[in-house]
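Enquirer: next input, structure requested:
(one chain, ligands or ions: 1)
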Amino acid sequence: MIGQGAGIAIIGSGSAAPAQVLDNNNLAQLVETSDEWIKTRTGIGKRHLANPLTSLSELSVQAAQKAIAMAGIAAFDLDLIILATSTPDDLFGSASKIQGLLGATKAVAFDLTAACSGFVFGLITASQFIRTGVYQNVLVIGADVLSRWVDWSDRGTCVLFGDGAGAVVCQATQEGDRLLGFEMFSDGSQNSSLNLAYQGQPKTLNEEVAIASGTYQPVTMNGKEVYRFAVEKVPEVIEKALYNANLVVEDVDWLILHQANQRIIDAVASRLKVPAHKVISNLAEYGNTSAASIPLALDEAIAQGKIKAGDTIAISGFGAGLTWGAAIFKWGK
Ligand code: ACO
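Expert: Modelled structure (predicted):
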């Protein structure tokens, strides 16, 4: 049992994406668009979409089981499960369902909603429980099935999103803290730039009492505003996290940004002067998988042997809220 003052090691990763794929040419048969437009403006070539029988919980469990196996622990060893998602199977939360499916009977589980920043915020939240000595083994999942909440007749948004899940296991260690620095921000004054909002109609229950009745409406986005925000704020937040870590950009081995748009990734890398060979991108295959995008890209890069134990990784998430954040960590035991 490691108590207060423990460090964090991020020792297992896993990911999952639905088998079903919709490429840009398939999309061009649904809305007025083209493979050329989508590739040039976003870098996206295809997206994996959950079929009607696939739940967010199942995708999350697949990713989590791989992360737990890589960490060399059992689900029973988990103390805490944080599910970062904006698209739970159940509005009351899906983390507990995942806890049950995993058989992580000792773990407390809750959802965390911060859109595309969710995984970064989740990882940082997990680290606080470890540093205070409260928990030893924490599973952080980033997962989204935005295909269920996109207007498939709106070419401005439907071309961007895909579904997926990624997970990491964080463990308390006495051999140095591998989470080297972080920063998080919110700016609710720009909330209307990107929404998946509840819109109810007034419903009168009696002469004095009225409530709203309805459901959530598909994603709406001011693409240009979000683009401008990301290109300005993401380099800043990474620099702040690096400063907190007492590091400089040259110390970073790998840059993994939320996979929203290749042009955003390129612009941020160029502002930070991170060379292209250090930048991880899998947008072409998956599109924007929201909270899943960073752990999915991390896991693929580990599986491909690009990221090795001891490498320094800068991750940054940004999106609805608006929210944004960055974390700098060393991968592995
Ligand atoms: N196919 C063809 N034409 C299109 C499409 C499409 N899919 N979508 C828009 N267009 C048209 C527009 O109608 C417009 O036509 P017009 O000039 O005749 O009016 C033209 O293409 C240019 O449209 P813009 O919106 O100006 O295109 P832009 O270059 O800004 O690219 C994009 C749009 C890709 C959405 C970009 O703004 C972007 O990536 N923004 C960031 C979005 C983002 O990252 N969102 C996710 C945040 S993460 C989260 O929290 C979920």
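
Enquirer: show me the helices in the stretch 51-200 of the chain, by range?
Expert: Taking DSSP state H, counting those that start in this stretch as the criterion, the stretch 51-200 of the chain contains helices spanning 56-71, 95-102, 118-131, 155-158.

Enquirer: adding mean pLDDT, write these out as TSV.
Expert: Below are the helices of the stretch 51-200 of the chain laid out as TSV (pLDDT from 0 to 100):
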stretch	mean pLDDT
helix 56-71	98
helix 95-102	98
helix 118-131	98
helix 155-158	96
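
Enquirer: for residue 23, which of those is the nearest?
Expert: Among those, helix 155-158 comes nearest to residue 23, with 13.4 Å by CB to CB. The way it works is simple: take the backbone N, C-alpha and C, and place the C-beta from them, glycine included.

Enquirer: residues from the stretch 1-150 of the chain in reach of the ligand?
Expert: Residues of the stretch 1-150 of the chain lying close to the ligand by CB under 6 Å from any ligand atom are 33, 37, 38, 41, 42, 115, 116.

Enquirer: between those, which has the most around it?
Expert: When neighbours are taken as other CB atoms under 10 Å, the top entry among these is residue 116 (33 neighbours).

Enquirer: ok, now which ones touch the closest residue to that residue other than its chain neighbours?
Expert: For residue 116, ignoring the flanking residues on the chain, the nearest one in space by CB to CB, 6 or more residues apart in numbering is residue 319 at 2.9 Å. Going by CB atoms under 8 Å, 6 or more residues apart in numbering, residue 319 touches 114, 115, 116, 117, 194, 226, 258, 260, 290.

Enquirer: same deal with residue 244?
Expert: So residue 244 contacts 180, 181, 182, 183, 328 (CB under 8 Å, 6+ apart).

Enquirer: swap in 10 Å and give it another go.
Expert: 180, 181, 182, 183, 326, 327, 328 (CB atoms under 10 Å, 6 or more residues apart in numbering).

Enquirer: surely residue 224 meets residue 261?
Expert: No - Residue 224 is beyond contact range of residue 261, at 11.5 Å (criterion: CB atoms under 10 Å).

Enquirer: between these two, which is the more surrounded one?
Expert: In terms of neighbours (other CB under 10 Å), residue 261 is the more surrounded of residue 224 and residue 261; the figures are 23 against 9.

Enquirer: distance of that one from the ligand?
Expert: 4 Å (CB to the nearest ligand atom, to the nearest Å).

Enquirer: just the pLDDT for the closest residue to that residue other than its chain neighbours.
Expert: Distances taken as CB to CB, 6+ apart put residue 42 closest to residue 261, at 4.9 Å, once the chain neighbours are dropped. Confidence at residue 42, expressed as pLDDT, is 97.

Enquirer: quick one on the thing from earlier: can you say which of the contacts of residue 319 are buried?
Expert: Buried subset of the contacts of residue 319 (neighbour count, 16 or more other CB atoms under 10 Å): 114, 115, 116, 117, 194, 226, 258, 260, 290.

Enquirer: want to throw the residues you listed into TSV with distance to residue 137 and pLDDT?
Expert: Formatted as TSV, the buried ones among the contacts of residue 319 follow (distance: CB to CB, whole Å; pLDDT from 0 to 100):
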residue	distance to residue 137	pLDDT
114	23	97
115	26	97
116	26	97
117	24	98
194	34	95
226	35	94
258	26	98
260	31	97
290	25	98
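
Enquirer: inside strands: which ones of the residues you listed?
Expert: Of these, the ones assigned to strands by DSSP state E are residue 194.

Enquirer: possible to save the buried ones among the contacts of residue 319 as CSV with distance to residue 215?
Expert: Converted to CSV, these look like this (distance: CB to CB, whole Å):
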residue, distance to residue 215
114, 22
115, 19
116, 22
117, 24
194, 19
226, 24
258, 27
260, 26
290, 19
